[in-house]
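> Fold the following.
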Amino acid sequence: MPSSLAGDLTDPEMTQPYMKKDDDEEEIEYSPFFGIEKGAVLQEARAFHDPQLDARRCSQVITKLLYLLNQGETFTKVEATEVFFAVTKLFQSKDAGLRRLVYLMIKELSPSSDEVIIVTSSLMKDMNSKTDMYRANAIRVLCRIIDGTLLTQIERYLKQAIVDKNPVIASASLVSGIHLLQENPEIVKRWSNEVQEAVQSRAALVQFHGLALLHQIRQNDRLAISKMVSGLTKGSVRSHLAQCLLIRYTSQVIRESTMNTQNGDRPFFDYLESCLRHKSEMVILEAARKIAEMDVTSRELAPAVTVLQLFLTSSKPVLRFAAVRTLNKVAMTRPLAVTNCNVDLESLMSDQNRSIATLAITTLLKTGNESSVDRLMKQITNFMSDITDEFKIVVVEAIRSLCLKFPLKHRSMMNFLSNSLREEGGFEYKKAIVDSIVTIISEIPDAKEIGLLYLCEFIEDCEFTYLSSQILHLLGNEGPRTSDPSRYIRYIYNRVILENATVRASAVSTLAKFGALVDALKPRIFVLLRRCLFDTDDEVRDRATLYLQTLDGEGAVGNTEKDVKEFLFGSLDVPLANLEASLRTYEPSEEPFDISFVSREVKSQPLHEKKAPGKKQLAGAPTPVPVSAVDAYQKMLSSIPEFSGFGKLFKSSEPVELTEAETEYAVNVVKHIYKGHIVLQYNCTNTIPEQLLENVIVYVDATDAEEFSEVCSKPLRSLPYDSPGQIFVAFEKPEHIPAAGKFSNVLKFIVKEVDISTGEVDEDGVEDEYQIEDLEIVSADYMLRVAVSNFRNAWEDMDPESERVDEYGLGVRESLAEAVSAVISILGMQPCEGTEVVPKNARSHACLLSGVFIGDVKVLVRLSFGLSGPKEVAMKLAVRSDDPQVSEKIHEIVASG
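This next block holds a predicted model:
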C-alpha cells in the first residue's frame, strides 16, 4: 500500500467508529466524517496555499468543507472569505477531480458581489475551454453566483451553449436559464429562439430541460402556452421525460381552457388518451394520473383505469405502487370506476411491500360492496399487525368511511375498531380509532350503545389523558339518553379512583350530567359526588361541591331544572382565549366581573407575512386585531362623551385598508357596531417628514347609505410625522337591522411645512384634501363569529319552529371550495368541526356554521352544496335561531348576496 494512502487511513479522524455496531456481525462501520471539527478543517485548508499542490489532499479537505456546509455548519464572514480566496488558488491545478470539487465549493459558498470578480475570469476561461466537463460546470457555477450586470456580458456565450452539439453543455446552460429566470426574467426571455431549437434536440435531457425552460418563459401567457402545447402534441417530442412534462402542461391547458366540451373538439384530450398507448411505462402512468385528476366522464376515465389495472400485476414494485396509489385517489371520488380492479387489488393485500398492501386495502374499503365487508374485515385483521401506525391510521379512516356507507354492517366494523383499541399503538393511532367510533355513534343511532361500551372498556386501560377526557365528555352527553344509563356508572367512577387529576375532574362532570338527566340515578350520584369532596385535587373538590349544590336545587347556577341542564350541557359561547384576556385586563373594584361584556367573536389568525427589513407599520392601528382588542375598544369608546350613550359595543371589525402601501398618508378604518349606531374609527399616519397636518377630518358621503344618518364626528387636531392618530365619525341606524351601504371618504386637513433640521413649523398652512378608498358596511358586519363545541346538540336544542329552509342556485363557480368560501364570507359566520375544508374533487359537501346576530341572537346554519352541472353549484340552506325573524333575514342576506 502506498505510504500516502496508508497515512490517510491511519488518520485518527478517519478511523472513528460510526457509532453503530451490528450485533450479528463483528465488523464495525466507519464514517470518514465522524468527529470532524470546523476549526481543524479550516487549519487543513491552508494546504490550498502550498506552492506544490497535493491534489489528493486538497480534494479531501474540500470534501470535508462541503460536508460541514451541508450539515448546517455556519461559517463567519471572515472564515467564508478566507476559504473562498484559498479555493480560488486551486484553479492552477490541472487535476480534473479537484476542479469539479472547486466548482462545487464556489457554488456552496455563494460569494458576495465583491468576491465574485475574483473568480469570474477563471470561470469564463473554463466556459470557453476545449474540455467539455469544464465548460458545463463553469456555466452552472457562473450562473449561480453572478448578478444581472455581469449576466449581460456573458449572455452571448450562454445562448451559444444552449445550441451546442454536446448535450451536457446544452443541458447545463438550460438548467442555468431556469435558475436565472427567477432573478433576471427579461434577459432569459430573449433566449426564446435558442430554447425552441433545444426543444427539437435529439438528446433526451436537452429536450426535457428545454421544454421546462420554454414553459417557464411563457407561463404568464395562456395563449402562448396553448400554442406551444398544440405544436408539440403533434409528435415532435421524443424524450420520455419531456413527454411527461408535456402531459402535465396539456392537462393544465385543458383545465384552464374555456373550450366548449360539448362539441366533441378536444384534440388535447385525445393526445392524453394516445399517451396511454405509449411504449414507456413512465409516460403511460403520467397520462393515466392526469386523466384521473380531471373532471371527465366515466367513458373517458375507463381507458386510464384499464392501463392502471394492468400495472397492478406488474413484476416491478414501483409500477404496482404508482398504479394502486392513483387508483386509491380515483376511488375517493369515483369508487364505481375502480370496482373492476377489485380482484387484482385483493391479490395485492398480501404484497411484500407494506405501502402497496395498505393502499390496496384502503382502495378496496372505498370500492367494496356490502357483501364483501365481512371478508375484508377478516383479511385486514391479519394484516394490521405488520404495518406502522401511520398506515394503520389510513386503514382506520377508510373503515370509518365504509361504515357510514353501509350502516347495516356497523357491528363487524365496530368490533374491528374495538379490537384495534386493545392493541399496542401510539396516541395518533388511538385518537383516530376513538374519533372514528365517535363519528359512527353520531351518524348511526343503532351503533350508539355498543360504541359507548367499547369506549368504556378502552378507558379502563387508557394511558392518554386527552382521550380519556374526550370519552368521558361523550359519555356525559350520550350515556344518560341510552336504554340503560346505569351500566356506565361503574366505568366512570373507576376513573375517579384510579386516574390522574385531569381525568378525575372530567369524571366528576360526567357523573353530574347523569344525575341531572336520570332521576332514578340521582341518589347514587349524590353518594359518589360526596366521596369526591375528599379528593386531593382542588379542581375535583370544587367541581364536586358545585355539582352537589346545583343538583340539590340550592340555586348555585339557577332556580329551574332548565337552568341546571343549560349549565351542564350548554356550550360556553365565550371563547376561552377572549375570557382569559378579559380576566387579565380586569381591574378589581366594587363592581364584579361581568362575563356578558366579554367578546364572543372568534378571531381568525391570519398568516403572518414576512416583513421587509426596515419597513414600518403604516397605519395607525395594528392589522391583526388581538384577542383583547374589543375590550380595549369598548373602554376607549365609552371614555369619549359623544359615544358613551351608545350602549354596549357589539362588534369591532378587523382594520380595512383605505390607502395603498407606501402612499403619502396611510389610512385604515375599524367599524364599531352598536345596537342602533355605527362608529367609524379612521386610523391615520403621516408618512412625510417635511409636513405637519392640522385639523384633520374625514368627510364621509353617505349618499349611497340611505339608512344611515351622521350624528357626530371627532376630528384630529394635529398629525405629526410617523405618529398615528384617530378620527371618529358616528352614524345612527335602525336598531337590530343589518343596514348596508357604501360610504365615500375624503381626508381634509391643513398642511404646514416642517424644517427637518430644526423641527420648526411654518405658521402659515395650506388647506388640502386627499381622496381615500370607499368603505362598505355589509351584512357580515352584524354577525359575530362564535363557535359551538357540539353543533349537533346545539342544533337539536334550538326550537325546530325557528327553522327556515330554502334552495339556491349559485351559478357557475371555479370549484365547490370557492362556493363554500363565498357563502361563509357573505354570512360572516364561524365554520364548525372543520367543515369549511372541501375534499379535493368532491361533488357534494356539507358545511356547518354558527354565530351571534346583532341583538345577541344565536344562529346556526346547515349548508348542503352539490354540483348540478358543469361547474353549476346548487345549495340548500337550513337556518335555526333564537328568533324566527332572524332565520328569515339570513335567507334574505344569501338571496341578495
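> Look up phi and psi at the nearest residue to Phe464 once chain neighbours are set aside.
Closest residue to Phe464 apart from its sequence neighbours, by C-beta to C-beta, 6 or more residues apart in numbering: Phe427 at 5.4 Å. To be clear about C-beta, it is placed using only N, CA and C from the backbone, and glycine gets the same treatment. For Phe427, the backbone dihedrals (degrees, to the nearest 10) come out as phi -60, psi -50.
> Looks like Phe427 contacts Thr465 (just checking).
No: applying C-beta atoms under 8 Å, one finds Phe427 not in contact with Thr465, separated by 10.2 Å.
> Local confidence estimate at the residue nearest to Phe464?
With respect to pLDDT, Phe427 scores 91.
> doesn't Leu472 make contact with Gln510?
Heads up, residue 510 is Thr, not Gln. Yes: at 4.7 Å, Thr510 counts as touching Leu472 under the criterion of C-beta under 8 Å.
> give me the number of residues near Asp806?
Neighbour count of Asp806, defined by other C-beta atoms under 10 Å: 13.
> Got the phi and psi for it?
In this entry, Asp806 is assigned phi and psi values of phi -160, psi 160 (degrees, to the nearest 10).
> list the contacts for it?
Asp806 sits next to Lys876, Leu877, His891 when contact means C-beta atoms under 8 Å, 6 or more residues apart in numbering.
> Among those residues, which ones are in strands?
Using DSSP state E, Lys876, Leu877 are the members of these that sit in strands.
> now the contacts of Asp806: which count as buried?
Leu877, His891 (16 or more other C-beta atoms under 10 Å).
> so which of the contacts of Asp806 comes closest to Leu404?
The closest of the contacts of Asp806 to Leu404 turns out to be Lys876 (C-beta to C-beta; 19.7 Å).
> Could you find the closest non-adjacent residue to Ile145?
Val116 (5.3 Å).
> follow-up on the earlier one: can you tell me how far the residue nearest to Phe464 is from Cys462?
10 Å (C-beta to C-beta, to the nearest Å).
> who's more crowded, those two?
Cys462 (19 against 12).
> ok now do that one, which residues does it touch?
So Cys462 contacts Lys430, Ser468, Ile471 (C-beta under 8 Å, 6+ apart).
> Mind putting the contacts of Asp806 into a markdown table with pLDDT?
As requested, the contacts of Asp806 are exported to a markdown table (pLDDT from 0 to 100):
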| residue | pLDDT |
| --- | --- |
| Lys876 | 91 |
| Leu877 | 92 |
| His891 | 90 |
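> Out of the contacts of Asp806, which comes closest to Lys651?
Nearest to Lys651 out of the contacts of Asp806 is His891 (C-beta to C-beta; 21.5 Å).
> out of the contacts of Cys462, which one sits closest to Gly479?
Among the contacts of Cys462, and counting by C-beta to C-beta, the member closest to Gly479 is Ile471, at 10.5 Å.
> I'd like the distance between the closest one and Asp484.
Taking C-beta to C-beta, one finds Ile471 at 18 Å from Asp484.
> just checking, what packs against the helix or strand harbouring Val434?
In this assignment (DSSP states H and E), Val434 forms part of helix 427-443. Packing partners of helix 427-443 (3 or more C-beta pairs under 8 Å, 6 or more residues apart in numbering; DSSP states H and E): helix 389-405, helix 410-422, helix 448-459, helix 465-478.
> average pLDDT across the last one?
If you average the pLDDT over helix 465-478, you get 92.
> Low-confidence regions, the stretch 601-750 of the chain specifically.
601-631 (pLDDT under 70).
> which residues in it form strands?
Ranges of strands within the stretch 601-750 of the chain are 651-652, 656-657, 665-673, 677-686, 691-704, 709-714, 716-719, 725-732, 741-753, based on DSSP state E, counting those that start in this stretch.
> Partner strands of the last one, with direction?
Strand 741-753 has these partner strands in its sheet, going by DSSP bridges: strand 691-704 (antiparallel), strand 766-777 (antiparallel).
> Leu211 is nearest to which of the ones you listed?
So among the strands paired with strand 741-753, strand 766-777 is nearest, using C-beta to C-beta, at 43.9 Å.
> Now do the closest one: everything it contacts.
Contacts for strand 766-777 (C-beta under 8 Å, 6+ apart): 656-659, 664-665, 667, 669, 671, 678, 680, 698-699, 705, 708, 739-751.
> That strand versus strand 677-686: what angle between them?
Angle of strand 766-777 versus strand 677-686, following axes from the mean of the first three to the mean of the last three C-alpha atoms, to 10 degrees, is 130 degrees.
> I'd like the average pLDDT over strand 766-777.
90.
> chain center to that strand: distance?
Mean-position distance between strand 766-777 and its chain equals 37 Å (C-alpha atoms, centre = their mean, to the nearest Å).
> quick one: buried residues of it?
Quick answer for strand 766-777 (16+ other C-beta under 10 Å): Tyr770, Ile772, Leu775, Ile777.
> Run the angle between it and strand 725-732 for me.
50 degrees.
> so how far is the helix or strand following strand 766-777 from its chain's centroid?
Following strand 766-777 in sequence order, the next helix or strand is strand 783-784 (DSSP H and E). How far strand 783-784 lies from its chain's middle: 25 Å, per C-alpha atoms, centre = their mean.
> Give the partner strands of strand 783-784 in its sheet and their orientations.
By DSSP bridges, strand 783-784 pairs with strand 844-853 (antiparallel).
> Give me the buried positions along the strand it pairs with.
Using 16+ other C-beta under 10 Å as the test for burial, strand 844-853 gives His845, Cys847, Leu848, Leu849, Ser850, Gly851, Val852, Phe853.
> CSV for the contacts of Cys462, including neighbour count and distance to Lys107?
Putting the contacts of Cys462 into CSV (neighbours: other C-beta atoms under 10 Å; distance: C-beta to C-beta, whole Å) gives the following:
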residue, neighbour count, distance to Lys107
Lys430, 23, 48
Ser468, 24, 55
Ile471, 26, 56
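> which of those lies closest to Thr88?
If you rank those by distance to Thr88 using C-beta to C-beta, Lys430 comes first, at 58.8 Å.
> Report whether the expected contact of Lys889 with Pro738 is present.
Yes: contact criterion C-beta under 8 Å: Lys889 and Pro738 qualify, at 6.7 Å.
> quick one: common contacting residues for the two?
Counting by C-beta under 8 Å, 6+ apart, the shared contacts of Lys889 and Pro738 are Phe853.
> Give me the below-cutoff pLDDT ranges for the chain.
Scanning the chain with the threshold set as pLDDT under 70 gives 1-30, 113-114, 258-267, 553-573, 596-597, 599-631, 841, 869-870.
> Contacts only, for Asp351.
By C-beta under 8 Å, 6+ apart, the contact set of Asp351 is Pro317, Arg320, Ala357, Ala360.
> Quick check: it vs Arg862, distance?
Relative to Arg862, and taking C-beta to C-beta, Asp351 is found at 43 Å.
> repeat for Glu657
Glu657 is 34 Å from Arg862, by C-beta to C-beta.
> Next SSE downstream of the host helix or strand of the residue nearest to Ile145?
According to DSSP H and E, Val116 maps onto helix 113-127. Note on helix 113-127: by DSSP H and E, the next helix or strand toward the C-terminus is helix 132-145.
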